[in-house]
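[1] Next comes the sequence, and after it the predicted model I'd like to discuss.
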Amino acid sequence: MLKHYPMVHSPTDVVRDVIIDSSFNSNKLKKYTTIISTHGKKGKISNDFRKQLVSKEIKETSSIIKRLLLEITTAPTTTAPPLNMKVAFAAALSKTIDSLGSHQAVEYDEVITNEGNAYDARHGHFTAPLKGIYLLSAIIRVRDGKFAALELVKNGQRIDAMVADSRPDAHYSSQSRTFPYVLEQGDMVWLRSYSGHIGHELEGNASSLSNCFADVLLFPM
């Protein structure tokens, strides 16, 4: 609610007070502004001239009110990620997981690179900071006589699956995936053990990328 009161003190007094009482009906926005402007010296002036002066001040105060409303009612804007943002990460498993549970997320803790800080090593999750085409990559490897099955998921939904089985031939077995994929801003991608497959071992080695997860932004959309 806005009020303005232009006043002329007396016919022989050209001193005028312009008072803007700005009260805003909001819990967050409460502002009281008083503007007092003084013009001229004492002297006799005509009623027409006085009216012109008052009319001019009313226009000026209206302009001030509009500026105040524009500044206060303008909603804050959120800053979008820059389109030239660089995003790339690669992480490996540094310690062997002796017994995988069903749908257990693999926490690749040996971070080689994390440009853009989009990978969370504490949970093994990569979160897309902006929409774009990403190059997803993963490698799974097991020692001789071992078996493991992992699935690559986005927001909990399977994208692809990988299996490494060295039981028949008694030697190391591995499998990898690398492909471009569209991710929306905020999409989360990670690797987890395949549903129903429990108790399997996944080898970890800090000096090797035998079990790793990587992603890089090719270009934004």
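    Looks like it came in fine. Numbering: from 1, shown residues only.
[2] Okay, domains of the chain per the record?
    2-73, 88-220 (automatic domain parsing).
[3] worst average pLDDT in those domains?
    Least confident of the domains of the chain, judged by mean pLDDT, is domain 2-73 with a mean of 51.
[4] Please list the outside residues in contact with the helix or strand containing Ala149.
    Using DSSP states H and E, Ala149 sits within strand 147-154. Residues from elsewhere that reach strand 147-154 (CB atoms under 8 Å, 6 or more residues apart in numbering): 100, 106, 136, 138, 140, 142, 158-167, 177, 181, 183, 187-195, 197, 200-202. From N, CA and C alone the C-beta is placed, and that goes for glycine too.
[5] So for stretch 166-186, what gets flagged as buried?
    Neighbour-count burial for stretch 166-186, counted by 16 or more other CB atoms under 10 Å, picks out 166, 173, 175, 177, 181, 183.
[6] Quick one: residues contacting the residue lying closest to the first one once chain neighbours are set aside.
    Distances taken as CB to CB, 6 or more residues apart in numbering put Ser173 closest to Ser166, at 3.7 Å, once the chain neighbours are dropped. The contact partners of Ser173, taken as CB under 8 Å, 6+ apart, are 141-142, 146, 164-166.
[7] Could you pick out the buried ones from those?
    Among those, those classed as buried by 16+ other CB under 10 Å are 141-142, 146, 164, 166.
[8] To what extent is the nearest residue to Asn211 once chain neighbours are set aside buried, counted in neighbours?
    Nearest non-adjacent residue to Asn211, counting by CB to CB, 6+ apart: Leu93, 4.2 Å away. Residues lying near Leu93 (other CB atoms under 10 Å) number 27.
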